[in-house]
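Undergrad: Test case, fold it:
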Amino acid sequence: MKIYKVGGAVRDRLLGIKVTDVDRVVVGATTEEMLAKGFKPVGADFPVFLDPKNGDEYALARTERKSGRGYGGFVFHASPEVTLEEDLIRRDLTINAMAEDDDGHLTDPYHGQHDLEARILRHVSPAFAEDPLRVLRVARFAARYAHLGFTVAPETLALMRQLSESGELEALTPERSWKEISRALMEDQPQVFIQVLRDCDALKTLMPEVDALFGVPQPEAHHPEIDTGIHTLSVLEQAALHKQPLTVRWACLLHDLGKGLTPVDKLPQHIAHEHTGLKLIKAVNERFKVPKDCQELALLVGQYHTHGHRALELKASTLLELLQSFDVYRRPQRFEEFVVACEMDARGRKGLEQRSYPQADYLRGAAKVAREVPVAPLLEKGFKGPELGEALKRERLKALKAYKEQPTL
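TA: Sure, this is the predicted structure:
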């Protein structure tokens, strides 16, 4: 029996990046031997074990054979006869197909170290094209390592395109797809993830609503970049630069979907795109079974982001309706995420990345004023039930009118 560190732990150490997760493969062992040493089995698909002392994960060396569609369509074979090289060849990229023993000796049969130095994401073998999830994984790695200059090898991109055109992507489960998408969106350059998916024709299968934005013009006066798809990538880039959470990044990706439905004879104007985009945002949310907080913010940002940009011009009554829509009294954080999503949208425009966005503090101030309207005096006057709600609404409207009239605004 021999144990090796494999995959990301080896890759990131060689890149000089902090290693957070360590995967280990065990060569020359049986399930019975692992159990006899006290390891606890986990996972139903193939033999993986946890060290009872520290929870570290160990997997028996294994081979795999394609047996059906999708990510789960594989038969695995683990035995003491499976070599380290046979285990490594089933991995996705050469930079993930290296192993290291306890003495620090590197096993690199597929030239992963060379590709690390050349900053290339390259598939290990033609078997890469058997697993559709690898399209998403490679795009995610491209986003993760873009800052180091990594690019996808042309031959690997060709295999990704082959997978995209095969129909295999449609066999991915919503949960597995969302896991990759959400992880990719939280990388330092998530816009690279979307661009790589588009480069290999996967975006039009996974998110045709986003793919449809590329080539759609917008008024140059507001959008110097003109192209709606380019704008969407820039907004996502700004969200990452400003360390925004997943909810905001997801909303930034979907906020302009309605522009993909604008009739050609109406371009470059996009009247009521906020409303027309809602059904598309709902469709994407449902397709990937997106978590509720991400779903809700994406819909709200899609519907109201132009309200955010026009905040200083809004009537007090419209401002109050906006605040009510977000339930700022019980869910202030959701409104804060809306405000920053609007700011990312404003900054995601060519040459305007450093522009000021006074609307953000104005909206925060309005929310504060509305929240601070006291309920006690209304209760003392005998208001209750629906009447109390209406009276509170009137007082909040009065407070917002006063807020708008402040000379500093």
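Undergrad: need the next SSE after the host helix or strand of Ala341, C-terminal direction.
TA: Using DSSP states H and E, Ala341 maps to helix 332-347. Where DSSP H and E defines the elements, the next helix or strand beyond helix 332-347 is helix 358-371.
Undergrad: so for that next one, what's the average pLDDT?
TA: The pLDDT scores in helix 358-371 average 96.
Undergrad: which helices and strands does the helix or strand following it pack with?
TA: Per DSSP H and E, the first helix or strand lying C-terminal to helix 358-371 is helix 376-380. Contact here means 3 or more CB pairs under 8 Å, 6 or more residues apart in numbering; DSSP states H and E; on that basis helix 376-380 packs against helix 385-404. No exception for glycine: its C-beta is placed from N, CA and C like everyone else's.
Undergrad: and the helix it packs on, what's its mean pLDDT?
TA: Averaged over helix 385-404, pLDDT sits at 93.
Undergrad: quick one: the strands in the protein?
TA: Along the chain, the segments classed as strands by DSSP state E run 2-6, 23-27, 40-42, 48-50, 57-60, 62-66, 74-78, 99-100, 106-107, 120-121, 151-152.
Undergrad: re the thing from before, output the helix holding Ala341 in PDB with nothing but the alpha carbons.
TA: Provided in PDB are the C-alpha atoms of helix 332-347 (Å, rounded to 0.1, in the frame of the first residue of the first chain):
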ATOM      1  CA  PRO A 332     -32.400  45.300   5.200                       C
ATOM      2  CA  GLN A 333     -29.600  43.200   3.900                       C
ATOM      3  CA  ARG A 334     -31.500  42.300   0.800                       C
ATOM      4  CA  PHE A 335     -32.000  46.000  -0.100                       C
ATOM      5  CA  GLU A 336     -28.300  46.700   0.600                       C
ATOM      6  CA  GLU A 337     -27.400  43.900  -1.900                       C
ATOM      7  CA  PHE A 338     -29.800  45.500  -4.400                       C
ATOM      8  CA  VAL A 339     -28.000  48.900  -4.000                       C
ATOM      9  CA  VAL A 340     -24.500  47.400  -4.600                       C
ATOM     10  CA  ALA A 341     -25.800  45.400  -7.600                       C
ATOM     11  CA  CYS A 342     -27.000  48.600  -9.100                       C
ATOM     12  CA  GLU A 343     -23.700  50.200  -8.400                       C
ATOM     13  CA  MET A 344     -21.900  47.300 -10.100                       C
ATOM     14  CA  ASP A 345     -24.200  47.800 -13.100                       C
ATOM     15  CA  ALA A 346     -23.300  51.500 -13.300                       C
ATOM     16  CA  ARG A 347     -19.500  50.700 -13.100                       C
END
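Undergrad: least reliable of the strands of the chain going by mean pLDDT?
TA: For the strands of the chain, the bottom mean pLDDT is recorded on strand 74-78, which sits at a mean of 66.
Undergrad: what angle separates the helix holding Ala341 from helix 358-371?
TA: Relative orientation of helix 332-347 versus helix 358-371 (axes from the mean of the first three to the mean of the last three CA atoms, to 10 degrees): 160 degrees.
Undergrad: mind listing what's buried in helix 332-347?
TA: Neighbour-count burial for helix 332-347, counted by 16 or more other CB atoms under 10 Å, picks out 334-347.
Undergrad: Likewise for stretch 288-298?
TA: 288, 290, 293-298.
Undergrad: okay, the residues you listed in a markdown table with distance to Leu320 and pLDDT next?
TA: Below are the buried residues of stretch 288-298 laid out as a markdown table (distance: CB to CB, whole Å; pLDDT from 0 to 100):
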| residue | distance to Leu320 | pLDDT |
| --- | --- | --- |
| Phe288 | 34 | 97 |
| Val290 | 29 | 98 |
| Asp293 | 24 | 97 |
| Cys294 | 26 | 98 |
| Gln295 | 25 | 98 |
| Glu296 | 20 | 97 |
| Leu297 | 20 | 98 |
| Ala298 | 23 | 98 |
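Undergrad: Could you point out which of these is nearest to Pro80?
TA: Phe288 (40.2 Å; CB to CB).
Undergrad: can you count the residues close to the closest residue to that closest one other than its chain neighbours?
TA: With sequence-adjacent residues excluded and distances taken as CB to CB, 6 or more residues apart in numbering, Phe288 is closest to Trp178, at 4.3 Å. Using other CB atoms under 10 Å, Trp178 has 17 other residues around it.
Undergrad: Quick one: residues contacting Trp178.
TA: If you count contacts by CB atoms under 8 Å, 6 or more residues apart in numbering, Trp178 has them with 288-290.
Undergrad: just to revisit the earlier point, wait, which of the buried residues of helix 332-347 is closest to Ile281?
TA: Nearest to Ile281 out of the buried residues of helix 332-347 is Ala341 (CB to CB; 12.8 Å).
Undergrad: Now do the same contact list for the closest one.
TA: Ala341 touches 239, 244, 248, 251-252, 255, 297, 301, 305, 308, counting by CB under 8 Å, 6+ apart.
Undergrad: roughly how far apart are it and Leu300?
TA: In this view, Ala341 and Leu300 are 9 Å apart by CB to CB, to the nearest Å.
Undergrad: so what sits against both of the two?
TA: Listed as contacting both Ala341 and Leu300 by CB under 8 Å, 6+ apart are Ala251.
Undergrad: Val290 is in contact with Trp250, isn't it?
TA: Yes - judged on CB atoms under 8 Å, Val290 makes contact with Trp250 at a distance of 7.0 Å.
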